[in-house]
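[1] one predicted model, sequence on top.
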Amino acid sequence: MSDKTALLLLQMGGPDSLDAVHPFLMNLFTDRDIIKIGPAFLQPFIARRIVNKRAPEVTEFYRQIGGKSPIRELTEAQGSGLQALLGDRFRSFVAMRYSRPSTIDALAAIKREGIKRVVALSLYPHYSRATTGSSVNELQRVLKEANADFEIIYIDRFYNHPLYIKALAAKVIRGLQSFPDPKDVQIVFSAHSLPQSFIDEGDPYLAHIQETVRLVMEQVGEASHLLCFQSKASKVKWLEPSTEATIQRLGREGKENLLMVPLSFVSDHIETLYEIDIQYAEEAKAHGIKRFVRTESLNSDPMFLDCLADLVRTTVKA
Ligand SMILES: C=CC1=C(C)c2cc3[nH]c(cc4nc(cc5[nH]c(cc1n2)c(C)c5CCC(=O)O)C(CCC(=O)O)=C4C)c(C)c3C=C
Ligand SMILES: [Fe+2]
Ligand SMILES: [Fe+2]
């Protein structure tokens, strides 16, 4: 038995090769916390049809960003950075919801080290049952099936943590400074979209996103900014306006300088590296936008790691 505490970073995951795109999408489309398609017993069959159709296009996106998602390496680096800040009493592990290492892999590794206490830290700043909710449900299912007796402490949101806000605001300020005239820049916060039905059923995601934007702008100061939503992934109504339509409108209105600020994730992945950097950048150019810049993702930014360390310290102490 070890007196160490495990830091279990909960993240979505992503394909680690082009061949892994299909299984990654199957894991995602069979998760009823993120999407319910028909009755439960039929979902795997319907999911397979959807994934067979979607996988070739998504594979091409991953090919264009280097043949894989960088999310595993980036999350492991965040874990190591956090462990270094917190010291020897802590050991970091990663549990990916739709890829490896899975929650089962992570808990098995924690058990092998004889660790009993686990801080489950969701890396989604804004709570949604589609993201953090799904990862926590998976963790609880695995614990139940394994009849495991870990002490689990949950950290399931940090959308308003002062150091998270400060780290994001610093990225925005640095982004603004990369333009010849920072006052002539339209800031475009782009959050991952979510079906409207989640919000109607009480999901706090949208309110959390809006609060993050408000707090970041308090630090950035007077500047033209708006919020839109990217990466709609099904035919139902999702949060609006879409990022793509917003970029097109801004171009038509004669805006020339755009600073894109991705929200919802704390590391680079397909939505920053492909969707914003390649797809929306082309869209912006076609609509007359001259300078299209994206803020850096937080990844292992020291201030962001300080935020995670503070979350762990204050939660473990309480
Ligand atoms: C099917 C419904 C989906 C919901 C609801 C959804 C919400 C949601 N997702 C993220 C963050 C990420 N999603 C990523 C990929 C991705 N998401 C969906 C579907 C839904 N997401 C799909 C089908 C995919 C795969 C790519 C695609 O087909 O478009 C990723 C990228 C992972 C990586 O490869 O690095 C992230 C991150 C949030 C925050 C969210 C709701 C709040
Ligand atoms: Fe998603
Ligand atoms: Fe997505």
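    Sure thing, it's come through. Ligands and ions are numbered 1, 2, ... in the order given.
[2] in the helix of greatest length in the chain, what's buried?
    Using DSSP state H to define each element, the chain has its longest helix at helix 43-64. In terms of neighbour count (16 or more other CB atoms under 10 Å), helix 43-64 has its buried residues at Gln43, Ala47, Ile50, Val51, Ala55, Val58, Thr59, Phe61, Tyr62. Quick note: C-beta positions are derived from backbone N, CA and C, even for glycine.
[3] mind listing residues that contact that helix?
    15, 18, 21-22, 25-26, 29-30, 32, 36-38, 68-69, 270, 274-275, 278 (CB atoms under 8 Å, 6 or more residues apart in numbering).
[4] list buried residues within those residues.
    15, 21-22, 25-26, 29-30, 37, 68-69, 270, 274-275.
[5] what does the pLDDT read for the residue in the stretch 201-318 of the chain that ligand 1 sits nearest to?
    Closest to ligand 1 within the stretch 201-318 of the chain is His269: 2.8 Å, counting by CB to the nearest ligand atom. With respect to pLDDT, His269 scores 94.
[6] count of neighbours near it?
    21 (other CB atoms under 10 Å).
[7] test my guess that it contacts Glu73.
    No - using CB atoms under 8 Å as the test, His269 is too far from Glu73 to be in contact (11.2 Å).
[8] buried residues in the helix or strand where Val316 lies?
    For Val316, the enclosing helix or strand under DSSP states H and E is helix 302-317. Judged by neighbour count (16+ other CB under 10 Å), helix 302-317 contains these buried residues: Met303, Phe304, Leu305, Asp306, Cys307, Leu308, Ala309, Asp310, Leu311, Val312, Val316.
[9] now do that helix: which elements does it pack against?
    Applying 3 or more CB pairs under 8 Å, 6 or more residues apart in numbering; DSSP states H and E, we find helix 302-317 packed against helix 71-86, strand 115-122, strand 151-155, helix 162-177.
[10] tell me the confidence at the spatially most central residue of the chain?
    Centroid-nearest residue in the chain, with CA atoms, centre = their mean: Phe265, separated by 2.6 Å. For Phe265, the model assigns a pLDDT of 92.
[11] that one: what's it in contact with?
    Leu123, Tyr124, His192, Glu271, Thr272, Ser297.
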